[in-house]
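**Student:** compute the structure for the input listed below.
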Amino acid sequence: MVNWCNNTVYFEGTPEAIEQIQQLFKAMAEKQEKEECGQLPDFVEDSNGGYFFDIYCNEGDTGIFQYETKWSPNTEVLKKIAEQYNVSFSQDYEEVSNLVYGRATYSDKLLTNIYLEYEDFEKFHFDEETDTYHFEGEPHESDCDILETLLERKIENHQPLNQVQ
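**Tutor:** Below you'll find the model as predicted:
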C-alpha cells in the first residue's frame with residue numbers, strides 16, 4: 001500500500017515561464033485523468049519515480065500547484081522543471097506517518113532541502129486520553145502547528161555551507 005506525500009510547489013520566474021509551467025501542469029493533470037496514472041513532464045526521464053498524482057491548482061493561483069507523490073517528495077523532478085524554464089521554486093511536503101516533513105527551495109541554481117528528522121518528531125507527543133498533542137508544555141488540537149513551528153525553527157537556524165562561520 002502506498003503512503004501519499006502531499007506537496008505544494010510555488011514557482012517564481014518571468015510571466016512567460018510561469019505561463020508555460022501552468023500549461024505543463026494543466027496538460028499533466030488532463031493526461032492523468034484520462035490515463036489514471038501518475039505523470040512526468042516529457043523532458044524528464046522515467047528513471048526513479050517522482051510521478052505527479054492528483055495535480056490541483058486553485059482557480060486564480062498562478063505558478064502554485066498541489067499534488068501527491070508516492071512515499072516522498074519529488075524535489076529532483078521539480079529541479080529539472082525549474083532548470084527547463086529557468087525559474088525558482090519552493091516546495092512544502094509532508095507524509096507524517098513516515099516522518100516526512102520539510103521544505104525544499106531552488107534559486108540561483110542552488111537546491112536547499114530542510115526537513116524534520118526523527119528527533120524533531122520526538123519533541124511532542126499525543127495524549128489519547130485528552131485527544132491532544134503536547135509540545136513545550138502546551139496542549140494542541142493538531143500536530144500541524146507544531147510541525148510548522150519545528151520546521152520554521154530549522155529554517156531560521158540553517159546556514160548554507162558556504163556561509164558557515
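
**Student:** how much space between the residue sitting furthest away from the middle of the chain and Pro139?
**Tutor:** Residue farthest from the centre of the chain, counting by Cα atoms, centre = their mean, is Glu129 at 32.5 Å. In this view, Glu129 and Pro139 are 12 Å apart by Cβ to Cβ, to the nearest Å. Where you see a C-beta, it was placed from the backbone N, CA and C, and this is true even at glycine.

**Student:** gap between the closest residue in space to Tyr51 that isn't next to it in sequence and Ser47?
**Tutor:** The spatially closest residue to Tyr51, leaving aside those adjacent along the chain, is Gly38, at 2.8 Å (Cβ to Cβ, 6 or more residues apart in numbering). Distance of Gly38 to Ser47, given as Cβ to Cβ: 14 Å.

**Student:** give me the more crowded residue out of the two.
**Tutor:** Gly38 (20 against 8; other Cβ atoms under 10 Å).

**Student:** and the helix ranked longest in the chain, which residues are buried?
**Tutor:** Taking DSSP state H as the criterion, the chain has its longest helix at helix 15-35. Using 16 or more other Cβ atoms under 10 Å as the test for burial, helix 15-35 gives 17-18, 20-22, 24-25, 28-29, 32.
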